[in-house]
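In: Got a predicted structure here, sequence first:
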Amino acid sequence: MTEARVRIFGPKGTRDVSLVVDTGSEDTWIARKVLKEIGVEPRLTRSYRTINNAHIQREVAPVEVEFLGVRMPCPTVFAEEEDVNVLGATALEILGLEVDPRSHEIRHAEALAAY
C-alpha cells in the first residue's frame, strides 16, 4: 500500500495529511473534520458505490491539493469516520502523476494523454 503526504489548502488555512493512494477510487477522500477546519464548504452531494457494493451519499467540494511540487484543485469527498482517507485517480491525473507499477512509488508522468 502506497501512502502520500499531501498539503491541502482552504480559505482558513492549510493542512498536511497522509492519504492512501487508491487508483481504484475516482475521487480523493479527506476527513470532514479536516476539510471544515480549513474552511472548505461542500458544493454538491454524489452517490458512490463502495468496495462492498453498498451505495452511499457523500458531500464533495474542490480542494487545492499539492504533492511533488504540483498544486491544483481536485474533487474531494467529505469522508466520514468510517471512510478511508485516499488520494484518488482523478487527483493523480489532475496533478500529472502516476503510480509506478513495480515500485508503487508516485512519480511525475512522462507524458499526459492528449486524445
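Out: Perfect, thanks for sending it. Because the structure is a prediction, the values reported are computed rather than measured.
In: what is the mean pLDDT for stretch 105-112?
Out: If you average the pLDDT over stretch 105-112, you get 89.
In: residues contacting the residue most central in space within the chain?
Out: Centroid-nearest residue in the chain: residue 28, 2.3 Å away (criterion: C-alpha atoms, centre = their mean). Counting by C-beta atoms under 8 Å, 6 or more residues apart in numbering, residue 28 touches 19, 63, 65, 74-77, 86-88, 90-91. C-beta here means a position set from N, CA and C on the backbone, and glycine is covered the same way.
In: The longest strand anywhere in the chain pairs with which strands?
Out: Ranked by residue count and defined by DSSP state E, the top strand of the chain is strand 55-67. Strand 55-67 pairs in its sheet with strand 3-10 (antiparallel), strand 44-49 (antiparallel), strand 70-79 (antiparallel), by DSSP bridges.
In: in the longest one, what's buried?
Out: Spelled out, that is strand 70-79. 74-79 (16 or more other C-beta atoms under 10 Å).
In: How much space separates residue 68 from residue 87?
Out: 11 Å (C-beta to C-beta, to the nearest Å).
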